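1. Fold the following.
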Amino acid sequence: MRIARLAPALAIAALSVLGLAPTASAQASPAPAAPAVAPGAEVQPIIGGGYAGNAPWAARLFSNGRQTCSATIIAPTWILTAKHCVGGGGLSFRIGSLDQTTGGTVANGISVQNHASADLSLVRLDRSVSGTYARLGQPGSVSVNQTVQVYGWGATYQCGSEANCQSQYLKVADVIVTGGCRDAYNGSAICARRGNGITAGGDSGGPMMANGVQVGVASTSDRQTTTAYTNVTAYRSWIQSVAGV
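-> The predicted model follows:
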């Protein structure tokens, strides 16, 4: 049974997109910006979680040299990320390093393929990158109440500008799947509640992994209890038609 049939849709307005670089599409979304934490307020200690120890398929996305989103490499010349992350242009990626500032392989994006109705984008690289690629899940790869892992270099707490509290090192957190919902573009998504952490600005485009396969791409979050990941398993045929995997 597909995730989308297991729970009612969640209102998109309750969540806001996780990307840091505003784009025309992201600005058109009805989702409000996440509120800043007042001075002296308790910091929510990705928010929470811990540092990742092994994620060779992880990719940090930069737009015109500025850290903006997270991503995965799924084939030698293809990156999978969120559509609302790619509108700023000047895309480059650091691939296969847990540290966004050094190591791994740096490659540039030369073309972008956006899904027409979901928060998914495939970016073609200017070179072939060898390594370990994220394996993509099929329908049935994830279920309600399952604990899954989410990865990203995003904000580690709610700050006035989430660009100022990004993690240098890749983080990971457990979240618990609650059912099907909609992403920032009304596409099919997997919703999850906070486990030992929750996604925030800069985690957009990063993966949700279930038993070692990627089942989602980070789209929205309320930064406190709920996050929505575009359902990769629902768009496998589109991904395969573009990237061949």
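2. mind listing the helices for this structure?
-> Counting by DSSP state H, the chain has helices at residues 24-28, 236-243.
3. What average pLDDT does the first one get?
-> It refers to helix 24-28. Taken as a whole, helix 24-28 has a mean pLDDT of 31.
4. In the chain, where's the longest strand?
-> strand 171-182 (DSSP state E).
5. Flag every buried residue along that strand.
-> Lys171, Val172, Ala173, Asp174, Val175, Val177, Thr178, Gly179, Gly180, Cys181, Arg182 (16 or more other Cβ atoms under 10 Å). C-beta: built from backbone N, CA, C; applies to glycine.
6. now do stretch 65-74
-> Gln67, Thr68, Cys69, Ser70, Ala71, Thr72, Ile73, Ile74.
7. same check, this time on stretch 193-209
-> Those would be 194-195, 197-209, for stretch 193-209 by 16+ other Cβ under 10 Å.
8. Equivalent analysis for stretch 213-232, please.
-> 213-223, 226-232.
9. one step back: taking the buried residues of stretch 193-209 one by one, which sit in strands?
-> Mapping the buried residues of stretch 193-209 onto strands (DSSP E) picks out Arg194, Gly197, Ile198, Pro207, Met208, Met209.
10. Pick the one among these closest to Ser241.
-> Distance to Ser241 across those (Cβ to Cβ) is lowest for Pro207, with 20.3 Å.
11. Grab the nearest non-local neighbour of the closest one.
-> Leaving aside its sequence neighbours, Pro207 sits nearest to Gln214 (Cβ to Cβ, 6 or more residues apart in numbering; 4.5 Å).
12. doesn't Leu136 make contact with that neighbour?
-> Yes - using Cβ atoms under 8 Å, Gln214 is in contact with Leu136, at 5.3 Å.
13. what is in contact with these two at once?
-> Ile74, Val232 (Cβ atoms under 8 Å, 6 or more residues apart in numbering).
14. Next one: Thr233 from Gly216, what distance?
-> Note on Thr233: its distance to Gly216, by Cβ to Cβ, to the nearest Å, is 8 Å.
15. Identify the contacts common to these two.
-> Val142.
16. the domain parsing of this protein - what is it?
-> Using automatic domain parsing, the domains assigned to the chain come out as 3-50+136-235, 56-134+237-243.
17. Quick one: mean pLDDT for the shortest one?
-> The average pLDDT within domain 56-134+237-243 is 97.
18. Quote the end-to-end distance of that domain.
-> Using Cα to Cα, to the nearest Å, the end-to-end distance of domain 56-134+237-243 comes out at 19 Å.
19. Please apply the same query to stretch 139-147.
-> Length of stretch 139-147, first residue to last, Cα to Cα: 17 Å.
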